[in-house]
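Student: turn this into a structure:
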Amino acid sequence: MDEQLLPDLLQLRGSVVGASDEFFAAKENLTKAAAPVFVPDAYGAKGQVYDGWETRRRRGPGGKLPDRSARDWVIVRLGVPGVVRAIVVDTAFFTGNFPQACSADACSVTGYPAFEELAADSEAVAWREIVPRGLVTGDARHAFKVSCRRRYTHVRLNIFPDGGVARLRVHGEWCRIRPCSRASPSTSPRWRTARTWRSAATGTTSPRRAMSSPRPVAGDGRGLGDPQATPDRGTSGWSSGWPGTASSTSRRSTPPGTGATSRRARRCRRWTPPPAPRSPTSPPGASCCRRSACCRTRPTGSA
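Tutor: Predicted structure coming up:
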């Protein structure tokens, strides 16, 4: 699998938090979506204008070469937290002022910490090395694979000792929940809400049942054949009104095995709109259910 085919987490509304130095070129150029360009004879107040991030030259004591550990760095915030799979450092058009080596660190923090907190290397911010120090050449594209599978929110690019970088790409897989999370369904807010609702409705606490509404059955005021939800059809055992009216009958008042509380009527679990009242010319055994064949035969006659 080519890790560079994964989305660039910086292009998902990522941003540059800060840098140790940006004397010659601004750090915001690192996250541009367009490819770097070079315009000859384009000079500014600080010299040749480059499309990238460039720092000033470092010198040791007495004008000697800087120490091997001397570095410049830039911190970027990913557009969405994710697992970093590859980092691309592009030094396009930097032919004489490119860094000698580079490395990358990453961390995972909550919220939007200030730049000072991220740069101070405090205990609250635990930086982990995801790309070891490696050599870099000028005017080239360098891809580094990342083997760590942790979730990160910030990446810090280190260049040794100084120089310029045109573009920075952080390819990976974005995620919403920490991979190390062990939240059980019983403690999850979604499951807890569903379990509470199910308990109030039917008295059971099955999480699988809680994700769907209870099925309508006879006697609960919602199902087909319910004496409290079926209009009068002029037959024995049927309710003569809607719930709350004086003419409505209860389930206990209907003789067992007849009317809406018969065993055959209880099998009908699918709700259908109440049928139109039977006309005087309809046969005595007319169907009352439009979709199910289990209620087509009803006892008729006077009460």
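Student: show me what counts as buried in the helix or strand hosting His171.
Tutor: Per DSSP states H and E, His171 falls inside strand 167-174. By 16 or more other C-beta atoms under 10 Å, the buried positions in strand 167-174 come out as Arg167, Leu168, Arg169, Val170, His171, Gly172. Just so you know, the C-beta spots here come from the backbone N, C-alpha and C atoms, and that holds for glycine as well.
Student: do the same with stretch 82-95
Tutor: 82-94.
Student: which one of the residues you listed sits closest to Val76?
Tutor: Nearest to Val76 among the buried residues of stretch 82-95, counting by C-beta to C-beta, is Ile87 at 10.5 Å.
Student: measure the closest one to Gln48 for me?
Tutor: For Ile87, the distance to Gln48 equals 27 Å [C-beta to C-beta, to the nearest Å].
Student: cool, Gly62 as well?
Tutor: 28 Å.
Student: higher neighbour count, those two?
Tutor: Gln48 (16 against 5; other C-beta atoms under 10 Å).
Student: that older thread, what two of the buried residues of stretch 82-95 are the furthest from one another?
Tutor: Most distant of the buried residues of stretch 82-95, by C-beta to C-beta, are Val83 and Phe93, 31.3 Å apart.
Student: the nearest residue to Leu5 once chain neighbours are set aside bridge partners, please.
Tutor: Nearest in space to Leu5, with sequence neighbours left out and distances taken as C-beta to C-beta, 6 or more residues apart in numbering, is His171 at 7.8 Å. His171 has these beta-bridge partners by DSSP bridges: Asp8, Ala86.
Student: do I have it right that His171 meets Asp2?
Tutor: No - checked against C-beta atoms under 8 Å, the pair His171 and Asp2 is beyond contact range at 9.2 Å.
Student: rewinding a little: tell me the one of the buried residues of stretch 82-95 nearest Gly14?
Tutor: Of all the buried residues of stretch 82-95, Gly14 sits closest to Gly82, with 10.4 Å by C-beta to C-beta.
Student: which residues touch the nearest residue to the closest one once chain neighbours are set aside?
Tutor: Nearest non-adjacent residue to Gly82, counting by C-beta to C-beta, 6+ apart: Trp174, 3.9 Å away. Each residue near Trp174 by C-beta atoms under 8 Å, 6 or more residues apart in numbering is listed here: Pro7, Leu9, Leu12, Gly79, Val80, Pro81, Gly82.
Student: so what's the first one scoring on pLDDT?
Tutor: The per-residue pLDDT reported for Pro7 equals 95.
Student: likewise for the third one?
Tutor: Note for Leu12: predicted pLDDT of 94.
Student: surely it and Arg77 touch.
Tutor: No - in this structure, Leu12 is not within contact of Arg77 by C-beta under 8 Å, at 10.8 Å.
Student: in terms of neighbours, single out the busier of these two.
Tutor: Arg77 (20 against 13).
Student: can you list the weak-confidence ranges in the stretch 101-250 of the chain?
Tutor: Where the stretch 101-250 of the chain drops to pLDDT under 70, the residues are 176-250.
Student: parallel or antiparallel, list what pairs with the helix or strand where Asn158 lies.
Tutor: Here Asn158 sits within strand 151-160, counting by DSSP H and E. Taking DSSP bridges as the criterion, strand 151-160 forms sheet pairs with strand 72-90 (antiparallel), strand 101-107 (antiparallel).
Student: tell me if Gly62 really is in a helix.
Tutor: Yes - per DSSP: H, G, I helix; E, B strand; the rest coil, Gly62 lies within a helix segment.
Student: ok, how many other residues are close to the nearest residue to Ala70 once chain neighbours are set aside?
Tutor: Closest residue to Ala70 apart from its sequence neighbours, by C-beta to C-beta, 6+ apart: Pro161 at 4.3 Å. Pro161 has 20 neighbours, counted by other C-beta under 10 Å.
Student: for the stretch 1-150 of the chain, which segments count as strands?
Tutor: With strands called from DSSP state E, counting those that start in this stretch, the stretch 1-150 of the chain shows them at 15-19, 43-44, 47-48, 53-54, 72-90, 101-107, 128-135, 141-145.
Student: any chance of JSON lines for those, columns distance to Leu118?
Tutor: As requested, the strands of the stretch 1-150 of the chain are exported to JSON lines (distance: least, C-beta to C-beta, whole Å):
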{"stretch": "strand 15-19", "distance to Leu118": "6"}
{"stretch": "strand 43-44", "distance to Leu118": "29"}
{"stretch": "strand 47-48", "distance to Leu118": "30"}
{"stretch": "strand 53-54", "distance to Leu118": "17"}
{"stretch": "strand 72-90", "distance to Leu118": "6"}
{"stretch": "strand 101-107", "distance to Leu118": "8"}
{"stretch": "strand 128-135", "distance to Leu118": "14"}
{"stretch": "strand 141-145", "distance to Leu118": "21"}
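Student: all good on my end, thank you.
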